Every structure is written in structure tokens, then in C-alpha cells.
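S.K.: One predicted model, sequence on top.
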Amino acid sequence: MKNRKIFVQRKIQKKSDFVVKGFINDITKLEYFFEKFFEFRNNSGRYPSLEKWRENLVTELLENLTENEITDFDIGEILNITSSEHLKKSIYKWQINKIYLFDYGLNFLINFYKENEIPISFSSIINFPKIIEDALENIIYWSDNGLNSLHVSFIKCLENTLLNKNYERSKYLKYSFENRLSDLLENFNEGFDSLFGLDRIFLSVGYSISRENIILNYEDLDYYIINESQNSERFKNNNLIAKKYKEISQMLLKLLNKDEKDLLCLRYGLNNLCRHTLKEIYILKNYHNYLNLYEDLTRILWKIKITWPREIIEKILFGEYKADIYNEFTPDISESPY
């Protein structure tokens, strides 16, 4: 397949080595926060409020310092989390930084293919998030000369991971956008309708989708739009889970610009709105074609996919969490939400 413009790719401004290193160090902090989030959920059977989440985090971090356990946080960072607002600001900062790192890595990988005249196929793109994730974990080992070579180290790590042939496996073709879409429509025909089925595909592999994918699958996508529109009564129910966990819903929205927020709220019923079908959104937002609507939705879900655990995303947006059955048969793909 020839090189093509990936939906989620966007231009970014290169930052200094020192800034990027700080971004990388922040990832472990974000992961720690979500680890504590799910510990509370496992113990109590519900998601914590922001204040309860903050209290548990600060208490455990201070206990770790008292017991001289290794932590990624210094005392100043811990003591600065004095309110729910401070907690939200910290998480938001780390999430924005992580989006930058993944956008940077995605751009590098795509440019690497183009510069070396390597066709970009699904079997390569499907592994891009895993390659970036591995690169961010291993980047320090490549930094032979300190901060001044950090960007060079990042590139070297990506190149070496990319050239690892374990990442280029044709078996991933069976889990492509096209095949997932085909399975979704087959379920329609068998009477197994899935609310937000297309959205789940965008969330899983949207970063691999190009305009060519949409054009080639126009008829199938049109069939999905018609089917969804004919069952529009299912979208009239309010999103009770998003309302229940309003604090988390607002944190999801904070990552987006105004137009993206409007689209997310219309589609999934955030901010006390009703859910809407794609056809309704197409009309309400004055889209000229569905391709641009798919592109906008895919970019939104890419941002959220990078920065939030999948369980939280699906609970807040779709109303329920479903394991990705395709990943159950792909042990070489990371089991993380990315």
C-alpha cells in the first residue's frame, strides 16, 4: 500500500531535549496515579471522587517517603497537591505532554518510512503506539552523552525498534480497520447490534486509518450510518455514567479544543446533552462530507486513547467496557491501553 496521510498525524513544534526528557519522566507519574485510581475501584467497587483520589495518593506518597521507598515524586510535588484542582492540573499537564510525545513519535515513524521509501502498510502502522511506548521506556539507555543527545537518542531508539522485523507481521492484517468493520456489519445482519460499534473501531485502530481507507470502505460505512440512524431511539437516553462521574468527564473534555468538545458532547451525551447519531451530528455541525467527520472523531479518540485507561474511556463514552476481542489473539501487541 502506498504512503498516505494518516488521520491523526499533525504538525508539531520540536521542543528542547531538556523539555522532552521532563515529558518522558512525567509518564510514570501519570501511570502511578491511574494505578491508585484502580486500586480504589477494586476495593470499593466504584470510581473515586477526585478528592478521595487525591487523599489516597498524597497519603501513600508521604508514607513512601517516610519509609525511604523509591518514588518518582519529590516532597515539593507531593505537598503541592493540596486540592482536587491541583490534582486535575497535574494530570492535565502530564496528559498534554504525553500527547506531544506520541504525536512526535508518530510523525517520526511516518517520516522514516517516507524518507526510506518504505510503503506504509497496516501491519506496520498497527504497531506504531507500541514502538513509541517502547522507545519512551528505553530512551535513557540510548542517551550516551546526556541531555544534549536526547532527541538523537529518541530517534535511534525508534529506528532500531522499527527495524526489528518482529514488528512487521502480516498476521495483523486480519485485525485491520476493514476486517473489523466487516465483522461489525456481519453482526448487524445477524441481529447483534452494538451501540457505538464504529467508535470502538476508531478507538482501537483509528491511528492507522487514512482517507483512502474511508473512500475504499464508503459503502460499508454508509450502511453503518443508515443502520444507526434507523435505530436512533437508542441515542435518546442520557449518558448516566458520564453524569455520575462528572469530574472525570470534564477532565476528558479539558484535553480538547472547543470544536472537539462540542463533537464529543454531541456524540456521547456529555454535559447533560443527549447522544446523537453520526447522521444527526453531520447535519447539526454542517459537515460537507462524512470523511471530515470521521477524521475529527478519530483525532479526538486518539488523544483520549493516549492519556486515559481504556476502561475509563469506554465507561464514560460508551456506557460499558468491553475487552477488545481482537487483542486476545495478538500476544505481540501490548496489553496496555495504548
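M.R.: Sure, I can see it.
S.K.: going forward, measure contacts between C-alpha atoms and count neighbours the same way
M.R.: OK.
S.K.: Which pLDDT value goes with F154?
M.R.: Note on F154: pLDDT of 72.
S.K.: pretty sure it is touching A135, no?
M.R.: Yes - F154 is within contact range of A135, at 6.7 Å (criterion: Cα atoms under 8 Å).
S.K.: and the longest helix along the chain, what does it pack onto?
M.R.: The residue-count maximum for a helix in the chain (DSSP state H) belongs to helix 84-115. Packed against helix 84-115, as judged by 3 or more Cα pairs under 8 Å, 6 or more residues apart in numbering; DSSP states H and E, are the following elements: helix 17-44, helix 50-66, helix 128-142, helix 150-162, helix 246-254, helix 290-307.
S.K.: To F196, which of those helices lies closest?
M.R.: Relative to F196, the nearest member of the helices and strands packed on helix 84-115 by Cα to Cα is helix 290-307, separated by 12.1 Å.
S.K.: before we move on, the earlier item: please identify the buried residues of the longest helix of the chain?
M.R.: Neighbour-count burial for helix 84-115 flags 84, 87-88, 90-92, 94-110, 112 (criterion: 16 or more other Cα atoms under 10 Å).
S.K.: hey, least reliable of the helices and strands packed on helix 84-115 by pLDDT?
M.R.: Among the helices and strands packed on helix 84-115, helix 150-162 carries the lowest mean pLDDT (a mean of 72).
S.K.: The residue nearest to F202 when sequence neighbours are not counted: what's it in contact with?
M.R.: Excluding its sequence neighbours, the residue lying closest to F202 (Cα to Cα, 6 or more residues apart in numbering) is T298, at 5.7 Å. T298 sits next to F7, V8, F202, L203, G206, Y207 when contact means Cα atoms under 8 Å, 6 or more residues apart in numbering.
S.K.: now that we have those, which one has the most neighbours?
M.R.: The most crowded member of the contacts of T298, judged by other Cα atoms under 10 Å, is G206 (26 neighbours).
S.K.: ok, so what distance separates the spatially closest residue to it that is not a sequence neighbour from K14?
M.R.: Of all residues not flanking G206 in the chain, T298 sits nearest, at 5.6 Å (Cα to Cα, 6+ apart). Distance, T298 to K14, by Cα to Cα, to the nearest Å: 24 Å.
S.K.: Could you do D220 as well?
M.R.: Applying Cα to Cα to D220 and K14 gives a distance of 39 Å.
S.K.: the more surrounded of those two?
M.R.: D220 (16 against 10).
S.K.: Now that one: which helix or strand?
M.R.: Secondary structure assigned from DSSP states H and E places D220 in helix 218-230.
S.K.: got the domain boundaries for this protein?
M.R.: According to automatic domain parsing, the chain is divided into the following domains: 17-167, 172-329.
S.K.: Now do the SS call for the spatially closest residue to G319 that is not a sequence neighbour.
M.R.: Excluding the flanking residues, the one nearest G319 by Cα to Cα, 6+ apart is I241, at 6.3 Å. Here I241 takes the helix state, with states given by DSSP: H, G, I helix; E, B strand; the rest coil.
S.K.: just to revisit the earlier point, what residues are shared contacts of F154 and A135?
M.R.: Common contact partners of F154 and A135 (Cα under 8 Å, 6+ apart): none.
S.K.: For the one residue sitting closest to the centre of the chain, give its distance to S182.
M.R.: When Cα atoms, centre = their mean is applied to the chain, the residue found nearest the centroid is K305 (1.2 Å). K305 is 23 Å from S182, where distance means Cα to Cα.
S.K.: Local confidence estimate at R234?
M.R.: What the model reports as pLDDT for R234 is 85.
S.K.: And for it, the neighbour number?
M.R.: R234 has 14 neighbours, counted by other Cα under 10 Å.
S.K.: Can you pull out the residues in contact with whichever strand or helix holds F188?
M.R.: Using DSSP H and E, F188 sits in helix 177-189. Under the criterion Cα under 8 Å, 6+ apart, residues 193-194, 197-198, 201, 205-206, 208-209, 213, 217, 220, 224 lie in contact with helix 177-189.
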